[in-house]
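1. Structure of the sequence below:
(one chain, ligands or ions: 1)
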Amino acid sequence: MNKKFSLIIHGGAGALDHIKREGKESEIMDSVYSILEGGRQILADGGTALDAVEYCAIRLEDDPLYNAGRGSVLNEYGEVEMDAAIMDGVTLDAGAVAGLTAIKNPIQLARQVLTKSEHVMLIGKGAREFAQLHGFPLMPNDYFFVESRVQQWREAQKLGGMMLDHENATSPKKLGTIGAVARDRQGNLAAATSTGGIVNKRWGRVGDSPVIGAGVFADNETCGVSATGYGEQFLRTVLCKMVSDFIYFQRLDARAAVSAGIDYLVQKVDGLGGIILIDKNGHCAARHSTSGMIYGLIEKEGETYCSFVQSPEYFAVG
Ligand code: GLY
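-> This next block holds a predicted model:
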């Protein structure tokens, strides 16, 4: 008890120029701010880090601005298939869902997998059955069909390829995967990541987000981490665990750890993406190799800071 809580969230990394052009920057920053303030309330009231990251991820999934939950990108069949994972830094317990359809908040189902199943990851039809068994309603397709996503999918179909929601210049509307990391007043860490994946994805493609160690990781001895970017690159580098290992084996601080992680991603696989992190001491840090990243943080119960970063610099306070 008596530790100061910290919270950091992200709404994806990528080229953000179009958001500025469309005048949506303040809408996004307002949304990041409001979600952080909601998370602050939970942590200030003595809520757990797991509760806080689940809450933040649900809010991000419900907002069609982000590529997760309601605003998920569409796969090659024009359907939404979502991935999500949540991890508890106290026990290393984790829950994940992949290739999920019709569930409003995949992160809630991931938490249910963590608490109510003896497994770590459930996929597709089975995950949906598990959801129904635990009383999750099935949403109609319409709930997920956001007009901008349909346009983006049509564009990708025309080009005949898959694309990141938020990276290249061929589509005017791109925002990415979401994530949250928290440290509560007990000093416990948790992390969550949720996504619709990449536009026009095929063959049951699953990215890094639901894979423990790749797109999410939390361990009270080191840090909590959530990633956004090209899933394949984060899978191949097991990046979130790698960052935790930098702290475990090399005793890096938060800032040095996110730098080492993104340097590793770039050097090894020319990777595109970003990570957010809180270390066991409650220090927050974020870094990305993309031209921009959307995130916000509360470090040790300090002021709420929101960033719409357009340079690949890392940020850290404290
Ligand atoms: N990072 C999200 C994905 O590639 O699916």
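
2. how would you label the residue nearest in space to the middle of the chain: helix, strand or coil?
-> For the chain, the residue nearest the mean C-alpha position is residue 179 (2.4 Å; CA atoms, centre = their mean). Assigned by DSSP: H, G, I helix; E, B strand; the rest coil, the conformation of residue 179 is strand.

3. what's across from it in the sheet?
-> residue 10, residue 193 (DSSP bridges).

4. ok, it touching residue 9?
-> Yes: with contacts counted by CB atoms under 8 Å, residue 179 reaches residue 9, the gap being 6.8 Å. Any C-beta I mention is one placed from the backbone N, CA and C, and that applies to glycine too.

5. Buried residues in stretch 131-138, which are they?
-> Neighbour-count burial for stretch 131-138 flags 131, 136 (criterion: 16 or more other CB atoms under 10 Å).

6. for stretch 225-236, same thing?
-> Neighbour counts over stretch 225-236 (16+ other CB under 10 Å) mark 225, 226, 227, 228, 229, 230, 231, 233, 234, 235 as buried.

7. Show only the entries of the residues you listed found in strands.
-> In this view, these that belong to strands under DSSP state E are 225, 226, 227, 228, 229.

8. Enumerate every residue touching residue 280.
-> Contacts of residue 280 were listed using CB atoms under 8 Å, 6 or more residues apart in numbering, and they are 183, 187, 189, 220, 221, 222, 223, 247.

9. ok, 6 Å please
-> Residue 280 sits next to no residue when contact means CB atoms under 6 Å, 6 or more residues apart in numbering.

10. Check it and give its pLDDT.
-> Residue 280 is assigned a predicted lDDT (pLDDT) of 98.

11. I'd like the distance between it and residue 141.
-> For residue 280, the distance to residue 141 equals 43 Å [CB to CB, to the nearest Å].

12. now swap in residue 45 and tell me
-> The spacing between residue 45 and residue 141, counted by CB to CB, is 37 Å.

13. ok, so what distance separates the nearest residue to residue 58 once chain neighbours are set aside from the ligand?
-> Using CB to CB, 6 or more residues apart in numbering and skipping the chain neighbours, the partner closest in space to residue 58 is residue 105 (5.0 Å). The span separating residue 105 from the ligand equals 17 Å under the rule CB to the nearest ligand atom, to the nearest Å.

14. how many neighbours does residue 105 have?
-> When neighbours are defined as other CB atoms under 10 Å, residue 105 has 23 of them.

15. same check, this time on residue 250
-> Neighbours of residue 250 under the rule other CB under 10 Å: 10.

16. Next: residue 217.
-> Per other CB under 10 Å, the neighbour tally for residue 217 reads 33.

17. What ranges in the stretch 151-300 of the chain fall below the confidence cut-off?
-> Applying pLDDT under 70 to the stretch 151-300 of the chain flags the ranges 160-175.

18. interface residues of it facing the ligand?
-> Applying CB under 6 Å from any ligand atom, one finds that the stretch 151-300 of the chain approaches the ligand through 177, 195, 197, 198, 207, 208, 209, 215, 228, 229, 230, 231.

19. I'd guessed residue 225 sits against residue 218; true?
-> No: under the criterion of CB atoms under 6 Å, residue 225 makes no contact with residue 218, lying 7.3 Å away.

20. intersection of neighbour lists for these two?
-> Shared between the contact lists of residue 225 and residue 218 (criterion: CB under 6 Å, 6+ apart) are residues residue 191.

21. Excluding chain neighbours, what is closest to residue 144?
-> Distance criterion CB to CB, 6+ apart; nearest residue to residue 144, sequence neighbours excluded, is residue 80 at 4.2 Å.

22. which element is that neighbour on?
-> In this structure, residue 80 is located outside every helix and strand according to DSSP states H and E.

23. Could you pull up the residues touching it?
-> Contacts for residue 80 (CB under 6 Å, 6+ apart) come out as 72, 144, 196.

24. The closest residue to residue 72 other than its chain neighbours: neighbouring residues, count only.
-> Across the structure, with CB to CB, 6+ apart as the measure, the residue nearest residue 72 apart from its sequence neighbours is residue 196 (2.5 Å). Close neighbours of residue 196, defined as other CB under 10 Å, add up to 30.

25. List the contacts of residue 196.
-> Residues in contact with residue 196 (CB under 6 Å, 6+ apart) are 67, 68, 72, 73, 80, 82.

26. Please apply the same query to residue 298.
-> The neighbours of residue 298, taking CB under 6 Å, 6+ apart as the test, are 7, 36, 40, 304.

27. Turn these into a markdown table, including neighbour count, pLDDT and distance to residue 273.
-> Formatted as a markdown table, the contacts of residue 298 follow (neighbours: other CB atoms under 10 Å; pLDDT from 0 to 100; distance: CB to CB, whole Å):
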| residue | neighbour count | pLDDT | distance to residue 273 |
| --- | --- | --- | --- |
| 7 | 31 | 98 | 21 |
| 36 | 24 | 98 | 21 |
| 40 | 16 | 98 | 27 |
| 304 | 17 | 94 | 24 |
